[in-house]
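Enquirer: Next come a sequence and a model predicted from it.
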Amino acid sequence: MMRYAPFAGVALATLIFALAAMIWSTWMLIPFGLFAALTLLGVHDVRQPDHSILRNYPVLGHMRFLFEGIRPEIRQYLIESDQDEEPFSRDARSLVYQRAKGQEDKRPFGTRMRVYDAGYAWVTHSVVPKHIEDTDFRVRIGGPDCQQPYDASLYNISAMSFGSLSANAIEALNTGARLGGFAHDTGEGSVSRYHRAGGGDLIYQVASGYFGCRAADGNFDPDKFRETASLPQIRMIELKLSQGAKPGHGGMLPASKITPEIAEARGIPMGQDCVSPAAHPAFSTPIEMMQFIGQLRDLSGGKPVGFKLCIGHRREFMCMVKAMLETGIVPDFIVVDGTEGGTGAAPVEFSNHMGMPMTEGLTFVHNTLRGAGLRTSVRVGAAGKIVSAFDIARALALGADWCNSARGFMFAIGCIQAQACHTNHCPVGVATQDPVRQRALDVGSKSKRVARFHDNTLKALGEMTGAAGLDHPGDFMPQHLMVRLGDKEMAEGSEAYPYLPEGFLLNTQEDIGADYRKRWARANAQSFAPPPV
């Protein structure tokens with residue numbers, strides 16, 4: 001019965017202080033009130049049916065829930081090492097904070113990384129390094145059918161919607177993008193007044209909910225799309241098929257969470273649940289998808305149009321590529337998101353076990369486009385835990401033309417990785433709609449940090465590029481990358497992630513890429529459905 005001792009103790013203390021208040025002093029009413037409240041809590045614990053711990057350990061059992069509630073903070077501040085990725089290591093976060101604040105980002109006494117453990121990777125350097133003065137690295141996005149190509153930075157803000165992020169966070173990110181001369185992806189929540197207030201370049205994301213271009217029945221509205229896409233701030237259009245955090249998963253925004261500002265941005269009514277289906281209603285086959293991309297390009301006045309996805313069934317991506325060849329409609333860009341992406345709240349099973357990691361997805365997309373003879377026509381972006389110059393260099397070496405980051409820029413505006421994004425209780429005002437909480441995020445100060453983080457990261461990329469003896473980060477190739485396979489084994493990137501020959505999927509005589517060729521044979525431009533076995 002010792003488990004009831006704390007409950008009995010507070011009940012006894014209540015009685016003692018009640019008597020003391022009557023006999024000695026009314027000041028005793030203060031501890032009496034405290035212990036009386038704990039006694040009532042204990043009575044409630046014994047009677048409630050939901051928590052076995054509280055029924056068996058009244059009053060005391062609440063300590064368990066208290067420590068469980070602050071467990072992430074205890075781990076982050078007291079237990080985890082600088083290298084533990086939960087999901088970003090302290091080292092990675094500190095690097096972003098330092099570069100965003102313009103503080104010293106150098107470190108003495110050598111690396112802390114285990115350089116002989118499997119998975120460690122590094123860039124090879126040259127004995128004749130180069131000095132690169134201009135680190136405003138750009139890549140032109142826009143194929144032959146694009147009338148308004150865009151010279152994008154090699155590092156941009158990945159998709160995060162207004163609604164998932166606060167108004168102040170969106171405005172700080174977009175203002176920072178304007179100050180630094182790079183792009184900001186709107187996320188699927190469309191263009192809000194806070195995007196427009198920042199004045200920075202936008203990538204307008206069109207997802208299955210068609211926010212910003214949505215008809216009353218939830219389907220795509222061409223006229224509304226034309227109106228939104230015509231905004232001068234919008235430089236590219238991104239059709240979202242899936243995202244790394246929850247590939248293949250739709251969503252619903254409950255009516256209770258829809259504010260007038262969210263309704264305005266998304267073009268949805270107040271007082272009704274808003275559903276984003278898992279699949280796009282506007283198309284159902286690969287050819288229809290390419291035709292839809294062509295329609296978006298025409299309606300936008302010839303701005304670059306592409307799509308974003310996390311690779312799932314590899315054959316389905318090959319279906320899209322075959323549809324490009326058959327229709328002659330080729331997207332201007334493709335963004336490959338990895339399953340390690342994670343700003344969107346998602347079921348644990350989806351976060352942990354759905355979708356392909358960025359490295360493998362990027363390699364597959366790059367080589368499939370090479371095999372189909374389309375790689376020179378399509379720019380490829382990469383997203384998935386890219387916060388350092390090495391992360392960018394590695395993605396470029398594996399086939400990307402540019403990189404996006406969401407959580408890296410969240411850190412730049414003050415995110416502390418509290419992992420409370422979905423609770424509306426973000427302690428720093430980044431991922432909340434609580435006006436009091438988001439007031440802590442000062443747009444003027446944080447926007448400068450966004451621009452500074454971007455600038456310092458590209459300067460570091462320029463230093464790495466020069467150290468490798470290259471003139472531009474786009475010159476990184478797999479052979480500039482080394483990967484540790486085991487204690488005494490390492491492999492060149494060209495062995496671990498080789499570039500397959502141009503046109504090998506179209507050349508029936510090629511005896512290379514057997515796994516690719518097998519899937520290519522099963523892919524069909526007319527349908528995403530698998531062929532009969």
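Expert: That came in fine, so what should we check first?
Enquirer: so where's the protein uncertain?
Expert: Applying pLDDT under 70 to the chain flags the ranges 1, 77-86, 245, 248, 252, 342-346.
Enquirer: in it, which helix has the most residues?
Expert: Assignment by DSSP state H gives helix 443-467 as the longest helix of the chain.
Enquirer: elements contacting that helix?
Expert: Helix 443-467 sits against helix 90-101, strand 155-157, helix 167-180, helix 389-397, helix 407-412, with contacts defined as 3 or more Cβ pairs under 8 Å, 6 or more residues apart in numbering; DSSP states H and E. The way it works is simple: take the backbone N, C-alpha and C, and place the C-beta from them, glycine included.
Enquirer: got the CA positions of stretch 301-317 in CSV?
Expert: The C-alpha atoms that make up stretch 301-317 are tabulated as CSV, following Å, rounded to 0.1, in the frame of the first residue of the first chain:
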residue,chain,number,x,y,z
GLY,A,301,2.5,32.9,-69.3
GLY,A,302,5.4,30.5,-69.9
LYS,A,303,7.0,30.4,-66.4
PRO,A,304,9.0,27.4,-65.5
VAL,A,305,6.8,24.5,-64.5
GLY,A,306,7.9,21.3,-62.8
PHE,A,307,6.9,18.8,-60.2
LYS,A,308,8.1,17.6,-56.8
LEU,A,309,8.0,14.0,-55.5
CYS,A,310,9.5,11.6,-53.1
ILE,A,311,10.3,8.4,-55.1
GLY,A,312,8.0,5.4,-54.3
HIS,A,313,7.4,2.9,-57.1
ARG,A,314,10.3,3.5,-59.4
ARG,A,315,8.3,2.2,-62.4
GLU,A,316,5.8,5.0,-61.9
PHE,A,317,8.4,7.7,-62.3
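Enquirer: Around the residue nearest to Tyr97 when sequence neighbours are not counted, how many other residues sit close by?
Expert: Computed as Cβ to Cβ, 6 or more residues apart in numbering, the closest residue to Tyr97 that is not its neighbour in sequence is Phe411, at 6.5 Å. By other Cβ atoms under 10 Å, 24 other residues sit near Phe411.
Enquirer: Redo the helices and strands packed on helix 443-467 as a markdown table? Include distance to Gly42.
Expert: A markdown table is the format used below for those (distance: least, Cβ to Cβ, whole Å):
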| stretch | distance to Gly42 |
| --- | --- |
| helix 90-101 | 40 |
| strand 155-157 | 51 |
| helix 167-180 | 42 |
| helix 389-397 | 52 |
| helix 407-412 | 42 |
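Enquirer: Nearest to Glu502, out of those?
Expert: Put simply, out of the helices and strands packed on helix 443-467 the one that sits nearest Glu502 is helix 389-397, at 18.0 Å, with distance taken as Cβ to Cβ.
Enquirer: what's in contact with the one helix or strand Ala37 maps to?
Expert: When secondary structure is defined using DSSP states H and E, the element that contains Ala37 is helix 29-47. With Cβ atoms under 8 Å, 6 or more residues apart in numbering as the test, helix 29-47 has contacts from 6-7, 10-11, 13-14, 17-18, 20-21, 51, 54-55, 57-59, 61-62.
Enquirer: what's the following helix or strand after that helix?
Expert: helix 52-56.
Enquirer: Once you drop chain neighbours, what's closest to Ala523?
Expert: Sequence neighbours aside, Met318 is the residue nearest to Ala523 in space, at 3.7 Å (criterion: Cβ to Cβ, 6+ apart).
Enquirer: pretty sure the one you found is in contact with Lys518, am I right?
Expert: No - contact status for Met318 versus Lys518: not in contact, 10.3 Å apart, counting by Cβ atoms under 8 Å.
Enquirer: which one of the two has more residues nearby?
Expert: When Met318 and Lys518 are compared on other Cβ under 10 Å, the one with more neighbours turns out to be Met318, at 24 against 10.
Enquirer: on that earlier part again, the helices and strands packed on helix 443-467: which one's closest to Glu349?
Expert: Comparing the helices and strands packed on helix 443-467 against Glu349 with Cβ to Cβ, the closest turns out to be helix 407-412 (20.8 Å).
Enquirer: So which elements touch that closest one?
Expert: helix 90-101, helix 167-180, helix 443-467.
Enquirer: send the alpha carbons of the shortest one over as PDB?
Expert: The C-alpha trace of helix 90-101 is given here as PDB (Å, rounded to 0.1, in the frame of the first residue of the first chain):
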ATOM      1  CA  ARG A  90      23.600  19.800 -32.100                       C
ATOM      2  CA  ASP A  91      26.600  20.400 -34.400                       C
ATOM      3  CA  ALA A  92      24.300  20.900 -37.500                       C
ATOM      4  CA  ARG A  93      22.000  23.300 -35.600                       C
ATOM      5  CA  SER A  94      24.900  25.200 -34.100                       C
ATOM      6  CA  LEU A  95      26.400  25.700 -37.600                       C
ATOM      7  CA  VAL A  96      23.100  27.200 -38.800                       C
ATOM      8  CA  TYR A  97      22.700  29.400 -35.800                       C
ATOM      9  CA  GLN A  98      26.300  30.700 -36.100                       C
ATOM     10  CA  ARG A  99      26.100  31.500 -39.800                       C
ATOM     11  CA  ALA A 100      22.600  33.100 -39.400                       C
ATOM     12  CA  LYS A 101      23.900  35.400 -36.600                       C
END
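Enquirer: Give the buried residues for it.
Expert: For helix 90-101, the neighbour count (16 or more other Cβ atoms under 10 Å) marks 90-101 as buried.
Enquirer: Let me have the helices and strands packed on helix 407-412 in JSON lines, extended by distance to Gln433.
Expert: Output for those, formatted as JSON lines (distance: least, Cβ to Cβ, whole Å):
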{"stretch": "helix 90-101", "distance to Gln433": "24"}
{"stretch": "helix 167-180", "distance to Gln433": "8"}
{"stretch": "helix 443-467", "distance to Gln433": "16"}
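Enquirer: Nearest to Thr508, out of those helices?
Expert: Closest approach to Thr508 among those (Cβ to Cβ): helix 443-467, 39.2 Å.
Enquirer: Give me the contacts around whichever helix or strand comes after that closest one.
Expert: Past helix 443-467, further along toward the C-terminus, the next helix or strand under DSSP H and E is strand 481-486. Counting contacts by Cβ under 8 Å, 6+ apart, the residues outside strand 481-486 that touch it are 115-124, 394, 397-398, 490-493, 496-497.
Enquirer: Who does strand 481-486 pair with, and is each partner parallel or antiparallel?
Expert: Counting by DSSP bridges, the strands paired with strand 481-486 are strand 121-123 (antiparallel), strand 489-492 (antiparallel).
Enquirer: Dump the longest one to PDB, keeping only the CA atoms.
Expert: Right, the one you point to is strand 489-492. The C-alpha atoms that make up strand 489-492 are tabulated as PDB, following Å, rounded to 0.1, in the frame of the first residue of the first chain:
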ATOM      1  CA  GLU A 489      37.000  -0.100 -47.200                       C
ATOM      2  CA  MET A 490      36.100   3.100 -49.100                       C
ATOM      3  CA  ALA A 491      34.500   3.700 -52.500                       C
ATOM      4  CA  GLU A 492      34.600   6.600 -55.000                       C
END
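Enquirer: Figure out how far it is from the centre of its chain.
Expert: The offset between the C-alpha centroid of strand 489-492 and the centroid of the whole chain comes to 30 Å, using Cα atoms, centre = their mean, to the nearest Å.
Enquirer: what does it contact?
Expert: Identification of contacts with strand 489-492 by Cβ under 8 Å, 6+ apart yields 478-479, 481-485.
Enquirer: switch the cut-off to 7 Å
Expert: Taking Cβ atoms under 7 Å, 6 or more residues apart in numbering as the criterion, the residues outside strand 489-492 that touch it are 479, 482-485.
Enquirer: and what of stretch 289-304?
Expert: With Cβ under 7 Å, 6+ apart as the criterion, stretch 289-304 contacts 141-142, 145-150, 206, 222, 225-226, 229-230, 234-237, 239, 282-283, 305, 307, 320, 323-324, 327, 329, 331-333.
Enquirer: Now do that stretch: distance to the chain's middle.
Expert: The gap between where stretch 289-304 is centred and where its chain is centred comes out at 25 Å by Cα atoms, centre = their mean.
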